[in-house]
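**Q** Below: sequence and its predicted model.
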Amino acid sequence: MTSPETGAQASADAEVLRLDGITKRFGEVTANEDVSLTLRAGEIVALLGENGAGKTTLMNILFGHYAADAGEVRVMGRRLPPGQPRAAIEAGVGMVHQHFTLADALTVQENVTLGTRPWWRPGGRAAARARIEDLARDYGLQVDPDAAIADLTVGQRQRVEILKALYGDARVLILDEPTAVLTPQEARALFDTLRRATARGLAVILISHKLHEVMATADRIVVLRHGRVVGERATAATDPADLARLMVGADIAEPKAMPAEPGEVLLRLDAVSTPPGATQGAALDRASLDLRAGQIKGIAGVSGNGQSALAGLLEGLIRPASGTLTLGNAAPADWSPRIAVAAGIGRIPEDRHHTGTIADFTLTENAILETYRDAPFARGPLIDWSAARAHAEDLIEANDVRCPGPDAAIRLLSGGNMQKLILARALHGAPRIILANQPVRGLDIGAVTYLQSRLLAARDAGAAILLISEDLDEILALSDVIHTIHAGRLSPPVPRERAEVEALGLAMAGGGADAA
Amino acid sequence: MRLEAIARPGPARTFGPPLIALGATLGVGMALALIAGAAPLAVFGQIVTGAVGSRFALLETLNRATPLIFTGLAVAVAFRAKLWNIGAEAQLYAGALMTVVLGTGALGWPAWALLPTLALASMLAGALCLVWAAWAKLRLGVDEVVTTLLFNFVMLLFVSMLLEGPLKDPMGMGWPKSERLVAEARLPRIAEGLRLHWGFALAVISAGLVWLVQSRTTWGFEMRAVGAGLPAARFAGMPVNATILRVALLSGGLAALAGFSEVSGAKGSLTLDLSPGYGYTGIIVAMLALLHPLGVVIAALFVAGVFVGADAMSRTAGVPSYVADILLATALLTMVLALLFTRFRVRRE
Amino acid sequence: MTELFEILLSASFWAAVLRIASPLILATMGELICERAGVLNLGIEGIMVAGAFAGWIAAYAGLPLWPAVVVAFLTGAGFGLIHGALTVPFGLSQHVVGLGITLLATSATYFAYRVALPEVSSPPRIEPFQPLDLPGALAQTPLTYAAFAIAGLTALVLYRTPLGLSLRAVGENPAAVEAQGGNVTALRMGAVIAGSGLMAVGGAFLTLSAFNSFFFEMVNGRGWICIALVVFGAWRPGKAVLGALLFAAFDALQIRLQQTDLGAVLPYQVFLMTPYILSILALVAMSRSARVPAALMVPYRKGTR
């Protein structure tokens, strides 16, 4: 085996990482079964698979967050003790999590140096700073070491995460869905950084479910399905269709949007600004938007650019600070979630665990959260629980929500089934306007297909839909008209037929022509 | 280690950990008895006899349970909505104060009019003692744990000031003590010759009403939802702030009824030792009851029994009666841990 | 008015301020360490009672004073261990556990007192720390100097050492610490144990330095005031010390004002109330601007998102 001291050139073909027969179960769920994988210095290997295929679990085992039930991890030929992130880091494994692990109130330098010095040895700040600046220059990761994380953009935060790994002398860099939150241009800069890294002998594992991205960057592709390796391909010797078959198992027909026949305007925003600080991320800045019957409007953008404010506005949680919101022909006299629901807005919130549902409440209770004061559930001050239960049973039945029953706590449900219940609640009573904020994020392909086809069906039945997503592919697949959002400002609408990825990406980064 | 949720816990899972917690609590009690130089089993026997061993003991336990049901309900209602009301002690005294102010002759009404007035006025006073803290939490983000806690000290000093000032009984021979209530302001006994006043019945009825409100009404649904998932409740269009203020009014009012019932039913006048910490013990009662209003009645009886029994035991066996507080604290801490184990199992990683 | 100036200009007033502030500073640093690591410790009131008793009984049993302080620290650390074990790895409600610890520590202390001294009517005295031979307000006991030194040390550790960085990070985002190979459980447990130890030393200040004996009710809400001081100090040691001094100044002032003409007009309870009312008002004034540690009261379960 090669020793870590060997130079990048000498170890170019050396094996730096080997996973052998990894198996991991959570209760009755098998997340990984007999997974083996090798990685050589200087290459990028993509780990491809659907949500729930076991990619993230596998990487968490490699990184020591979880201990495997069977199998072992070797870095540079040395076996890693299971369940110890510290040992993984010291062996040269660096991980960039999908959900960043940064402390917002601390500075870049504090985050990068966290845990890298023995706790009893103070000092070393100047040296640490110099080292961070060197790394930033070498790898193209410009960022101010004294900036607080809270003040950084998502792209900058990701750079800090990569700096953290490089600062820890990583030989193996794992990136979990790194482009999910980036503009196409930022993603390109990221891949540039990765190529610089591999040129210096690093090995990279890229976790992704995006075929074109994997095809464009990886040297080798390993496909996971249901926790098992179902195929391994050299990138040169495969194509997206082949990978898709491996990944999904069977050919699943994606919901195909028919051309829309837009009708009247049901909701209009006219130069609406929202109060700053009402939500996380940017406030809306003079945003104008029409929602038409029978049309899906997609909002593309990097998270934190005003999507929360826009969603909050339609959800009724935020009132315009200036500008007008018009429903039909009139501006509502007052505005609240209750009025929004009464006005016929069906709402699918971004966070299904905290906003969409109450985890410890039953399915029945969650089903009537918005309507418990209305007939037939309320009788004067009392709630008719048998009517509520019957309603929940209807929703469960009609939407194939897999659950122990209407009296079970909703926290026992999988994300997909939870989201189905939220969808059922939002679409009940055929609302004329629908807000879908990140409706399929993190769901498996079956649930994704179901939810998207329901939204398309609602559109065809004449609903006006606002779809907010950070996933440009999803926006392109479903929307009839697309806006981009950046720093709280909406771009002018572009019909899907004329939308180009390049131009959208530029606009998402704030570089587009701002005609408004 | 990692905690793993158990989807369908069996009977061993459901009842095993709480039983172990109970056993651990008893074990602590035995150890304390040994430390104090007494025979553990005899000590326990005396606690049980002292709590329920005679008609006198039983009635004493029921009387002691009465204020605890009220404060337990107050805490349970508030905690259910994640309003951390640690100020039941102050609210209790506010109720007692109102009862004394209006019940010592200021209102010359017959009992059927005076008693409900006193109860409602007490509730109002107690509600006011909490609603400002709830308002400060909602409007200014002030943590209500600390404000309600600190207010207990302010209230007790305020009561002390009044008892040495305007409310002082001129016949009290210098003791800081209020005048006695007029006869019409006294809660009668439940039956002739039975040393148990109507406060107890009122407490049990209150528990039933709170349960009905929480489980059957829209307001109760809102109270539970705000506690279990504030963002979701707000998103769903619930009147979150109004609900928290309603909870504060209800919780403060319930705690104040403890003061009303102690003054009007049990003592007949107000002194500074009216409550040996009923407001704080209400937290234990509510937690042992898992915040369930009907459970509060049972938990209050249990807690009262432990106190009354320990008092009796302390007189004969010479083990300090603080053993009761230690037992309850142990029961509380072991029980919250045990309840975790009824839903989760520990896995080594 | 002149009386007020006389009070404010007297050395004995400022000596009293430093004396009153000392236990508050010690316990506030303890609470601050816990909260910076993400754990609200409502056990503080009871732990101070236990510390006051443990230090005093150790001295009464013949131990020298500094070892008695260590005994108090270890007693507090023991209760901190229980608190931490329940709230950190098991993630139980910090409100419930904290209040439970306060009840447990208080009642266990009173029980121990009764068992240790069954027959006494008034508690025996010990020989407490003596003031150093320094001029004016500086004539304080070593324990007061220790309190200020510990506050400085706390600030130094928090802001200038890798350990402090890890502690602050674990109170902001535990996942950040775990991702860098740190041990969230160990850091939080350590903070709660050490912090609880400091709270107990704060309690022991009352019996070993301020007074020379142990009384029931002697802590009398100081623990709760320390929690308010942490908020008032915006979770920063320096500001918290300032808050403690300010509070102590008001407390010393109200005691002295009771002796003046004002004391003849107003009932003494009004004076006794002012510290609590001031604490409440300070909380109301500061809460809006304060930056709470982001992960305060959020239990961390390994590997969960």
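**A** Here it is on my side, so go on. Please read these numbers as outputs of a predicted model, since none were measured by experiment.
**Q** Tell me the residues of the stretch 101-250 of chain C that contact chain B?
**A** Within the stretch 101-250 of chain C, the positions near chain B by C-beta under 8 Å from any C-beta of the partner chain are C:101, C:103-104, C:106-108, C:110-111, C:114-115, C:118, C:220-221, C:224-225, C:227-228, C:231. To be clear about C-beta, it is placed using only N, CA and C from the backbone, and glycine gets the same treatment.
**Q** The same query, at a cut-off of 10 Å, please.
**A** Proximity of the stretch 101-250 of chain C to chain B, by C-beta under 10 Å from any C-beta of the partner chain, involves residues C:101-115, C:118, C:185, C:220-221, C:223-231.
**Q** In ChimeraX, select just the buried ones from those residues.
**A** The following ChimeraX line selects those of those that are buried, judged by 16 or more other C-beta atoms under 10 Å in any protein chain shown:
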select /C:101,102,103,104,105,106,107,108,109,110,111,112,113,114,115,185,220,221,223,224,225,226,227,228,229,230,231
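**Q** Narrow the residues of the stretch 101-250 of chain C next to chain B to those in helices?
**A** Counting by DSSP state H, the part of those found in helices is C:101-115, C:185, C:223-231.
**Q** Quick check, residue A:363 in contact with residue A:394.
**A** No: using C-beta atoms under 10 Å, residue A:363 makes no contact with residue A:394, being 11.5 Å away.
**Q** More neighbours: these two, which one.
**A** Under the criterion of other C-beta atoms under 10 Å in any protein chain shown, the comparison of residue A:363 against residue A:394 puts residue A:363 first, with 26 against 14.
**Q** Show the pLDDT at that one.
**A** pLDDT for residue A:363: 96.
**Q** and residue A:174, which of the three is it?
**A** Secondary structure assignment for residue A:174 (DSSP: H, G, I helix; E, B strand; the rest coil): strand.
**Q** what's the neighbour count on it?
**A** 26.
**Q** who's in contact with it?
**A** By C-beta atoms under 10 Å, 6 or more residues apart in numbering or on different chains, the contact set of residue A:174 is A:17, A:39, A:47, A:58-60, A:62-63, A:88, A:93-97, A:165, A:203-207.
**Q** partners of it in the sheet?
**A** residue A:95, residue A:205 (DSSP bridges).
**Q** What score does residue A:260 have for pLDDT?
**A** So, for residue A:260, pLDDT stands at 72.
**Q** now it, nearest residue through space, not along the chain?
**A** Nearest residue to residue A:260, sequence neighbours excluded (C-beta to C-beta, 6 or more residues apart in numbering or on different chains): residue A:480, at 4.2 Å.
**Q** I figured that neighbour was touching residue A:297, is that so?
**A** Yes: judged on C-beta under 10 Å, residue A:480 makes contact with residue A:297 at a distance of 7.3 Å.
**Q** Mind listing the shared neighbours of those two?
**A** The contact sets of residue A:480 and residue A:297 overlap at A:262, A:465, A:467, A:493 (C-beta under 10 Å, 6+ apart).
**Q** ok, and the most crowded of these?
**A** Busiest of these [other C-beta under 10 Å] is residue A:465, holding 28 neighbours.
**Q** from memory residue B:127 sits against residue B:85, does it?
**A** No: Residue B:127 is beyond contact range of residue B:85, at 11.2 Å (criterion: C-beta under 10 Å).
**Q** out of the two, which sits in the busier spot?
**A** Counted by other C-beta under 10 Å, residue B:127 and residue B:85 do not tie: residue B:85 has more neighbours, with 33 against 25.
**Q** The more buried one in helix, strand or coil?
**A** Under three-state DSSP, residue B:85 comes out as coil.
**Q** Next up, the contacts around it.
**A** Here residue B:85 is in contact with B:71, B:74-79, B:91, B:129-130, B:133-134, B:144-145, B:148-149, B:247-248, B:251-252, B:254-255, B:279, B:282-283, B:286 (C-beta under 10 Å, 6+ apart).
**Q** do the helix or strand where residue C:154 lies and chain A meet?
**A** Secondary structure from DSSP states H and E places residue C:154 in helix C:142-160. Yes: using C-beta under 10 Å from any C-beta, helix C:142-160 reaches chain A at C:156, C:157, C:159, C:160.
**Q** For that helix, which residues meet the burial criterion?
**A** C:142, C:143, C:144, C:146, C:147, C:148, C:150, C:151, C:154, C:155, C:157, C:158.
**Q** Same check on stretch B:134-146?
**A** B:134, B:135, B:136, B:137, B:138, B:142, B:143, B:144, B:145, B:146.
**Q** May I see those residues arranged in CSV, with secondary structure, distance to chain C and pLDDT as well?
**A** Below are those laid out as CSV (DSSP: H, G, I helix; E, B strand; the rest coil; distance: C-beta to the nearest C-beta, whole Å; pLDDT from 0 to 100):
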residue, secondary structure, distance to chain C, pLDDT
B:134, helix, 13, 97
B:135, helix, 10, 96
B:136, helix, 6, 94
B:137, helix, 9, 93
B:138, helix, 12, 94
B:142, coil, 4, 90
B:143, coil, 7, 88
B:144, helix, 10, 92
B:145, helix, 7, 90
B:146, helix, 5, 88
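**Q** with those in mind, which one is nearest to residue A:152?
**A** Of all these, residue B:143 has the smallest distance to residue A:152: 29.6 Å, by C-beta to C-beta.
**Q** In this structure the closest one contacts residue C:288, no?
**A** No: using C-beta under 10 Å, residue B:143 makes no contact with residue C:288, being 12.0 Å away.
**Q** of all of the stretch 401-516 of chain A, which residue lies closest to chain C?
**A** In the stretch 401-516 of chain A, the residue that lies nearest chain C is residue A:442 (10.1 Å; C-beta to the nearest C-beta).
**Q** no no, the stretch 101-250 of chain B
**A** Here the stretch 101-250 of chain B gets closest to chain C at one residue, residue B:161, 3.8 Å apart by C-beta to the nearest C-beta.
**Q** for residue B:318, what are its contacts?
**A** Contact analysis of residue B:318 by C-beta under 10 Å, 6+ apart lists B:36, B:37, B:38, B:43, C:114, C:115, C:118.
**Q** Mind putting those residues into CSV with pLDDT and distance to residue A:429?
**A** Formatted as CSV, these follow (pLDDT from 0 to 100; distance: C-beta to C-beta, whole Å):
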residue, pLDDT, distance to residue A:429
B:36, 88, 68
B:37, 87, 72
B:38, 88, 69
B:43, 89, 65
C:114, 91, 67
C:115, 91, 68
C:118, 84, 73
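**Q** Thanks again, I'm all set now.
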